[in-house]
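**Student:** any chance you could fold what I've pasted below:
(one chain, ligands or ions: 1)
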Amino acid sequence: MSEPREPQGRTGGGSTSAHSPDGLGTEGLPAPDAPPRGAEPEQGALRLGTRRSKLAMAQSALVADAVGKVTGRPVELVEITTYGDVSREDLAQIGGTGVFVVALREALLRGEVDFAVHSLKDLPTEQPDGLVLAAVPVREDARDVLVARDGLTFAQLPRGARVGTGSPRRMAQLNAYARNHGTTIETVAIRGNVDTRIGYVHGGELDAVVLAAAGLSRLGRLDEVTDFLSVDTVLPAPGQGALAIECTADNADLVAALGELDDPFTRVAVTAERSLLAALEAGCSAPVGAFADLLADGQIVKEMRLRGVVGTTDGSTLVQLSTTGPVPETHDQARALGRELAAEMLAKGAAGLMGERAH
Ligand SMILES: NCc1[nH]cc(CCC(=O)O)c1CC(=O)O
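**Tutor:** As a prediction, this is how the structure comes out:
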């Protein structure tokens with residue numbers, strides 16, 4: 001680590017012959033009254049590039065706090081407007097959720113910000129040259145949730161209920177779920193931020209909207225949820241609920257410092273999920289759900305399970321498969337799991353269900 005450390009306070013008094021817990025001794029530390037090591041340049045604030053939506057700002061504030069703690073440096077937020085924020089076009093038309101990301105990455109590559117925070121599910125699966133995901137912190141609740149009028153759960157919605165979501169993945173699975181229960185819903189394509197979406201329910205235009213639990217949690221609005229949709233019913237988007245902290249690859253000190261916020265299991269799980277998505281050659285707004293979790297026997301983690309789904313938005317056809325194997329020990333192993341499941345899904349006709357994006 002190149003970060004300066006506070007000299008460890010030595011409590012006065014002849015204590016035991018000093019052996020530090022790491023066995024390295026304390027000889028290398030400066031005397032308590034020595035000035036800070038002069039080699040470190042004056043370090044100013046780290047600039048965090050963020051989208052300006054309430055959700056992005058909430059996520060960035062959480063990460064700014066954590067980065068401040070691990071680096072000991074102040075973090076300042078730099079707001080960046082992305083095309084996805086200003087365009088009112090259908091997401092699938094303007095190139096999927098990647099439109100939220102391009103402007104942030106350009107700011108990173110131009111050196112205008114030091115690092116950026118993304119919702120991992122909005123990140124295209126291809127990692128651009130020169131940029132690295134320095135950390136994927138512990139994932140929030142990955143589930144989708146329902147915010148419905150009158151506190152209704154999904155099962156309580158009346159036949160033909162109008163359910164808003166812009167996500168073909170959600171449409172496919174919600175319509176399939178309704179069909180399997182002998183009922184129907186009408187999925188209504190909506191866009192907009194969380195306030196706008198929930199506003200359609202309060203305004204009476206829709207019976208319910210579907211959102212990510214993680215987003216509502218970070219906005220402090222989980223109390224508005226009327227039903228948490230089990231991942232057995234609706235597989236979340238690959239990477240849903242996880243954040244990605246990205247910086248330029250050449251900034252080794254920062255890569256290492258940010259790396260302290262990485263959660264290895266979240267990283268392995270989302271790597272497998274995103275590898276599945278990439279191997280299905282699906283755009284980010286294609287109807288692909290994926291979720292990796294650990295199967296434990298009591299306290300002992302036995303295996304990782306990866307589940308994937310693609311379907312038509314009307315829910316008439318879903319290809320849903322899962323695979324279980326040893327918990328991957330490397331990112332390559334995690335990617336291999338995703339590719340294997342994708343190959344099985346393609347063999348079952350997944351490509352034909354992915355609309356114009358399918359090959
Ligand atoms: N597509 C927008 C988006 N990107 C990330 C989240 C939620 C937070 C997350 O999944 O980490 C949302 C909103 C939503 O789907 O409700």
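**Student:** where does the prediction get shaky in the protein?
**Tutor:** Along the chain, the model assigns pLDDT under 70 to residues 1-42, 82-97, 282-286, 355-359.
**Student:** starting at the chain centroid, how far to the top strand by length along it?
**Tutor:** Counting residues, the longest strand found in the chain (DSSP state E) is strand 300-311. Distance, stretch centre to chain centre, for strand 300-311: 17 Å (Cα atoms, centre = their mean, to the nearest Å).
**Student:** which residues sit against whichever helix or strand comes after that strand?
**Tutor:** Remark: after strand 300-311, the chain's next helix or strand is strand 318-325, criterion DSSP states H and E. Under the contact criterion Cβ atoms under 8 Å, 6 or more residues apart in numbering, strand 318-325 has outside partners 172-173, 176, 235, 295, 303-312, 337, 340-341, 344-345, 348-350, 353. Backbone N, C-alpha and C define where each C-beta goes, glycine included.
**Student:** please enumerate the helices of the stretch 151-300 of the chain.
**Tutor:** Remark: helices assigned in the stretch 151-300 of the chain by DSSP state H, counting those that start in this stretch are 168-180, 194-202, 213-218, 252-259, 264-279.
**Student:** which one of these is the most hemmed in?
**Tutor:** Of all the helices of the stretch 151-300 of the chain, helix 264-279 has the most neighbours on average by mean count of other Cβ atoms under 10 Å, namely a mean of 24.
**Student:** select, out of the helices of the stretch 151-300 of the chain, the one closest to the ligand.
**Tutor:** Minimum separation from the ligand across the helices of the stretch 151-300 of the chain (Cβ to the nearest ligand atom) falls at helix 213-218, 3.3 Å.
**Student:** hmm, who's touching the closest one?
**Tutor:** Residues from elsewhere that reach helix 213-218, judged by Cβ under 8 Å, 6+ apart: 55, 58-59, 62, 119, 139-145, 147, 194, 222, 224-225, 228, 240-242.
**Student:** next: stretch 336-353.
**Tutor:** By Cβ under 8 Å, 6+ apart, stretch 336-353 touches 271-281, 287, 290, 292, 304, 306, 308, 310-312, 317-319, 321-323, 325, 328, 358-359.
**Student:** for that stretch, buried residues please.
**Tutor:** 337, 338, 339, 340, 341, 342, 345, 346, 350, 351, 353 (16 or more other Cβ atoms under 10 Å).
**Student:** so which pair among the residues you listed is furthest apart in space?
**Tutor:** The span of those, defined through Cβ to Cβ, is set by 337 and 353 at 21.3 Å.
**Student:** do I have it right that residue 60 meets residue 48?
**Tutor:** Yes. Residue 60 is in contact with residue 48 according to Cβ atoms under 8 Å; the separation is 5.8 Å.
**Student:** between the two, tell me which one has more neighbours.
**Tutor:** Comparing residue 60 with residue 48 by other Cβ atoms under 10 Å, the one with more neighbours is residue 60, at 26 against 23.
**Student:** please tell me how far the more buried one sits from residue 79.
**Tutor:** 9 Å (Cβ to Cβ, to the nearest Å).
**Student:** what touches both of these two?
**Tutor:** With Cβ under 8 Å, 6+ apart as the test, residue 60 and residue 79 both reach residue 50.
**Student:** between helix 252-259 and the strand or helix carrying residue 57, find me the angle.
**Tutor:** Residue 57 belongs to helix 54-71 when assigned by DSSP H and E. With axes from the mean of the first three to the mean of the last three Cα atoms, to 10 degrees applied, the angle from helix 54-71 to helix 252-259 works out at 110 degrees.
**Student:** just after helix 54-71, pick out the following helix or strand.
**Tutor:** That would be, after helix 54-71 and using DSSP H and E, strand 75-79.
**Student:** could you measure from the residue nearest in space to the middle of the chain over to the ligand?
**Tutor:** Centrality entry for the chain: nearest residue to the mean C-alpha point is residue 242, 2.5 Å, by Cα atoms, centre = their mean. According to Cβ to the nearest ligand atom, to the nearest Å, residue 242 stands 6 Å off from the ligand.
**Student:** hmm, residue 136 and that residue touching each other?
**Tutor:** Yes. The pair residue 242 and residue 136 qualifies as a contact (Cβ under 8 Å) at a distance of 5.6 Å.
**Student:** now do the shared contacts for these two.
**Tutor:** 120, 266, 270.
**Student:** now the second one. Nearest residue, chain neighbours left out?
**Tutor:** Take residue 266 and drop its neighbours on the chain: the residue closest to it by Cβ to Cβ, 6 or more residues apart in numbering is residue 139, 4.4 Å away.
**Student:** which of the three states applies to the one you found?
**Tutor:** Secondary structure for residue 139, judged by DSSP: H, G, I helix; E, B strand; the rest coil, is coil.
**Student:** first-to-last residue distance for stretch 127-143?
**Tutor:** Stretch 127-143 has an end-to-end distance of 25 Å (Cα to Cα, to the nearest Å).
**Student:** buried stuff in that stretch?
**Tutor:** 131, 132, 133, 134, 135, 136, 137, 139, 140, 141, 142, 143.
**Student:** ok so, going back, for the longest strand of the chain, which helices and strands make contact with it?
**Tutor:** Helices and strands touching strand 300-311, by 3 or more Cβ pairs under 8 Å, 6 or more residues apart in numbering; DSSP states H and E, are helix 168-180, helix 264-279, strand 288-297, strand 318-325, helix 331-347.
**Student:** sounds good, over and out.
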